[in-house]
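Engineer: With the input below, show me the fold.
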Amino acid sequence: MGILEIVIVLAIFVLLCIPAGKYVYKVAEHKKTFLDPVFDRVDNFIYRIVGITKEEMSWKQYILALLMCNVVPAVIAYIILRLQFIHVLNPNHINGMEPGLTFNTVISFLTNTNLQDYSGESGLSYFSQMVVITFFMFISAATGFSAALAFVRGITGKKKTPGNFYVDFVRIITRILLPVCIVVSIFYIQQGVPQTFSPTKTVTTIEGKLQDISMGPVASLESIKLFGTNGGGFFGANSAHPFENPTPLTNIVQMLSMLLFPGAIVVYFGYMVKKKKQAISIFSAMGILLVAGIAVCYACEKAGNPTLSQIGLNQLMGNMEGKEVRFGIPMSSLFTTITTAATTGAVNNMHDSLTPLGGLMPLLNMMLNVVFGGDGVGFMNMIMYAILAVFLCGLMVGRTPEYLSKKIEGREIKLVALAIIIHPFLILMFSALALVLPQGVAGISNPGFHGLTQIVYQFASSAANNGSGFEGLADNTLFWNTTTGIVMLFGRYLSMIILLAVAGSLAAKKSVPVSEGTFRTDNAVFTFTLIFIVLIIGALTFFPALSLGPIAEQLTL
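Structural biologist: Residues are numbered from 1 along each chain as shown. A predicted model of the protein is given here:
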């Protein structure tokens, strides 16, 4: 039954990706849609108010506009969080954030990471939840989306310029993110998710005890949290909280929301290159990695702790520690794998309570950072590996290293190599720093192998802009707020800038005709070659850390 539930969710995802990808293509390339009469007026009004021109940008101008559109809101958000004690939509009288936590929170939501070193319901006023958190969820998702559109234009050679960042940014928000979030927010409200400005309510339980029930504008945050692959929760328990994820139906919608646009961007790529097999090969590689991760996580959580087998608890319930009974092991395992594959970071169970090998899979997803990934960025990372695969295969079999009729030369490979190195460098070097400093080790709640996993997971989540955590780590300290903030910042923008530079380099090249020496990138051979390249690089880079963490812990059970 559990396997059937998983198969149904994945099948719905694949079916939804096709129309969603076609719609993204029409929005991105200014093709006619039935919503144009309404949205054209909205967009033109925004262009006039802000002073946006529709002139094409160079690659450097596009990157600069992207960065500036993120820097200015960050400064404003920092001020708002520091001054949130002012009584503006603050019925619970939440105090202002201290500087270290404010820095971490602003960087976290700006970079689409949504790592939360504060408890959602007690750390922010309603004003901050809406004007900073929900707003940043839109702009961070639109930023990654825009970067992906520019990247695809470059590698497919359809344009010599990436377009206009401001136009892409506005159209993604008004025509893609806002409409779908409005519809799904209404659905969440119907399912029982609150959308109110009422303060925390104190009620008497059936046991005669007093209990505080937090309220707030939750539904509007919840929709963009998932469609934007953000992941930050209104409440500390995130999607395990009944006000964020009240029913099995909302649980399924949340999983589909996380995967929809990352999958749709691959379909958009197929429309752009006008060769659907190219998109199918990339989608298949991502899909196989996703299914493999789900299978391992589900099998491990269903098996539970081997030491309990002698008393029969494994056969009875598997590993239900830290999981919601209303979701069970199948939907918890699926949610865990999807949220780390799509670099969303929302959780409907406690990842710290996963079995060692069950916890290895979400950790590996973030280390690889290519299994669909966040809106736009995951696709860019997978194409990075595709370019590397073409180059390595060309060296081995003597064929011309080309991708999408563009020669892959020294400049592109140097940039790709740099982008690949940055991710593990941030994870492993900062993990080593945390292990040698007392401020880092002090955060570990479980000594031994599990404690190492807690640290590596925290930096993997930050570098991959995921935001989930092994929540046993005591991370609201100056050390953790500062180091994870730095990792999130570099993990987001360095790789994005480098890959846009790769796209700019390819866009400037002339297309070469396909010949007998061209290595095909639209068949099953390339799909499995790509998977192999991703896994071998990930294994060589991260296997020592995984061996000393979850693998060693599993062997001790």
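
Engineer: name the helices or strands packed onto the helix or strand where residue 452 lies?
Structural biologist: Using DSSP states H and E, residue 452 falls within helix 449-463. Counting contacts by 3 or more C-beta pairs under 8 Å, 6 or more residues apart in numbering; DSSP states H and E, helix 449-463 is packed against helix 356-368, helix 410-436, helix 478-507, helix 552-555. Where you see a C-beta, it was placed from the backbone N, CA and C, and this is true even at glycine.

Engineer: can you state the direction angle for that helix and helix 478-507?
Structural biologist: Helix 449-463 and helix 478-507 are oriented at 50 degrees to each other (axes from the mean of the first three to the mean of the last three C-alpha atoms, to 10 degrees).

Engineer: Please tell me how far helix 449-463 is from the chain's geometric centre.
Structural biologist: 17 Å (C-alpha atoms, centre = their mean, to the nearest Å).

Engineer: Next, count neighbours for residue 516.
Structural biologist: 6 (other C-beta atoms under 10 Å).

Engineer: Then residue 294?
Structural biologist: 22.

Engineer: what's the most buried one of the helices and strands packed on helix 449-463?
Structural biologist: helix 356-368 (a mean of 25; mean count of other C-beta atoms under 10 Å).

Engineer: on that earlier part again, quick one: closest of the helices and strands packed on helix 449-463 to residue 230.
Structural biologist: Closest approach to residue 230 among those (C-beta to C-beta): helix 478-507, 12.6 Å.

Engineer: What angle do helix 356-368 and the very next helix or strand once past that closest one make with each other?
Structural biologist: Reading on from helix 478-507 to the C-terminus, the next helix or strand found by DSSP H and E is helix 524-546. Calculated by the same axes, to 10 degrees, helix 524-546 forms an angle of 120 degrees with helix 356-368.

Engineer: about what we covered before: turn the helices and strands packed on helix 449-463 into TSV, columns for distance to residue 18 and mean pLDDT.
Structural biologist: Output for the helices and strands packed on helix 449-463, formatted as TSV (distance: least, C-beta to C-beta, whole Å; pLDDT from 0 to 100):
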stretch	distance to residue 18	mean pLDDT
helix 356-368	24	94
helix 410-436	29	95
helix 478-507	25	95
helix 552-555	39	92
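
Engineer: Minimum distance to residue 30: which of those helices has it?
Structural biologist: Closest among the helices and strands packed on helix 449-463, once you apply C-beta to C-beta, is helix 478-507, at 18.4 Å.

Engineer: name the helices or strands packed onto the closest one?
Structural biologist: Using 3+ C-beta pairs under 8 Å, 6+ apart, helix 478-507 is in contact with helix 59-82, helix 99-110, helix 135-156, helix 377-397, helix 410-436, helix 438-441, helix 449-463.

Engineer: and those helices as JSON lines, adding distance to residue 250?
Structural biologist: Converted to JSON lines, those look like this (distance: least, C-beta to C-beta, whole Å):
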{"stretch": "helix 59-82", "distance to residue 250": "28"}
{"stretch": "helix 99-110", "distance to residue 250": "23"}
{"stretch": "helix 135-156", "distance to residue 250": "18"}
{"stretch": "helix 377-397", "distance to residue 250": "24"}
{"stretch": "helix 410-436", "distance to residue 250": "32"}
{"stretch": "helix 438-441", "distance to residue 250": "37"}
{"stretch": "helix 449-463", "distance to residue 250": "24"}
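
Engineer: among those helices, which is nearest residue 329?
Structural biologist: For these, the distance to residue 329 is smallest for helix 449-463, at 20.4 Å, taking C-beta to C-beta.

Engineer: got the buried residues for stretch 440-453?
Structural biologist: 440, 443, 444, 449, 450, 451, 452, 453 (16 or more other C-beta atoms under 10 Å).

Engineer: for that stretch, the distance to its chain's centre please.
Structural biologist: 25 Å.

Engineer: send the alpha carbons of that stretch over as CSV?
Structural biologist: Extracted C-alpha coordinates of stretch 440-453, given in CSV (Å, rounded to 0.1, in the frame of the first residue of the first chain):
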residue,chain,number,x,y,z
GLY,A,440,31.0,24.4,16.9
VAL,A,441,31.2,21.2,19.0
ALA,A,442,29.1,22.8,21.7
GLY,A,443,26.1,22.6,19.4
ILE,A,444,26.1,18.8,19.1
SER,A,445,23.3,17.1,21.1
ASN,A,446,24.3,13.5,20.2
PRO,A,447,28.0,12.7,20.6
GLY,A,448,29.7,10.3,18.3
PHE,A,449,28.9,9.5,14.7
HIS,A,450,25.5,11.1,14.8
GLY,A,451,27.0,14.3,16.1
LEU,A,452,29.3,14.5,13.0
THR,A,453,26.2,13.9,10.8
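
Engineer: Which residues does that stretch contact?
Structural biologist: With contact meaning C-beta atoms under 8 Å, 6 or more residues apart in numbering, stretch 440-453 is reached by 352, 356, 359, 363, 433-435, 454-455, 470, 472-475, 477, 479-480, 483, 545, 548-550, 552-553, 556.

Engineer: and the host helix or strand of residue 202, which strands flank it?
Structural biologist: Take DSSP H and E as the rule and residue 202 turns out to sit in strand 201-204. Partners of strand 201-204 in the sheet, by DSSP bridges, are strand 210-213 (antiparallel).

Engineer: coming back round to it: pipe the helices and strands packed on helix 449-463 into CSV and attach distance to residue 180 per row.
Structural biologist: Converted to CSV, those look like this (distance: least, C-beta to C-beta, whole Å):
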stretch, distance to residue 180
helix 356-368, 24
helix 410-436, 30
helix 478-507, 23
helix 552-555, 40
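
Engineer: now for those helices, which one comes closest to residue 177?
Structural biologist: Closest approach to residue 177 among these is made by helix 478-507 (18.4 Å; C-beta to C-beta).

Engineer: tell me the mean pLDDT for the helix holding residue 452?
Structural biologist: The average of the pLDDT scores along helix 449-463 is 94.

Engineer: Quick one: classify the residue lying farthest from the centre of the chain as helix, strand or coil.
Structural biologist: In the chain, residue 208 marks the outermost C-alpha relative to the chain mean, sitting 42.5 Å out by C-alpha atoms, centre = their mean. Judged by DSSP: H, G, I helix; E, B strand; the rest coil, the three-state class of residue 208 is coil.

Engineer: For it, what are phi and psi?
Structural biologist: phi 80, psi 10 (degrees, to the nearest 10).

Engineer: What does the pLDDT read for the residue nearest to residue 343 when sequence neighbours are not counted?
Structural biologist: The shortest distance from residue 343 to any non-neighbouring residue, by C-beta to C-beta, 6 or more residues apart in numbering, is to residue 374 (4.1 Å). Note on residue 374: pLDDT of 87.

Engineer: Could you double-check that residue 374 lies in contact with residue 145?
Structural biologist: No. If you go by C-beta atoms under 8 Å, residue 374 and residue 145 don't touch, sitting 9.3 Å apart.

Engineer: Comparing the two, which residue is more hemmed in?
Structural biologist: residue 374 (33 against 30).

Engineer: what's the closest of the buried residues of stretch 440-453 to residue 180?
Structural biologist: Closest to residue 180, out of all of the buried residues of stretch 440-453 and judged by C-beta to C-beta, is residue 453, at 35.6 Å.
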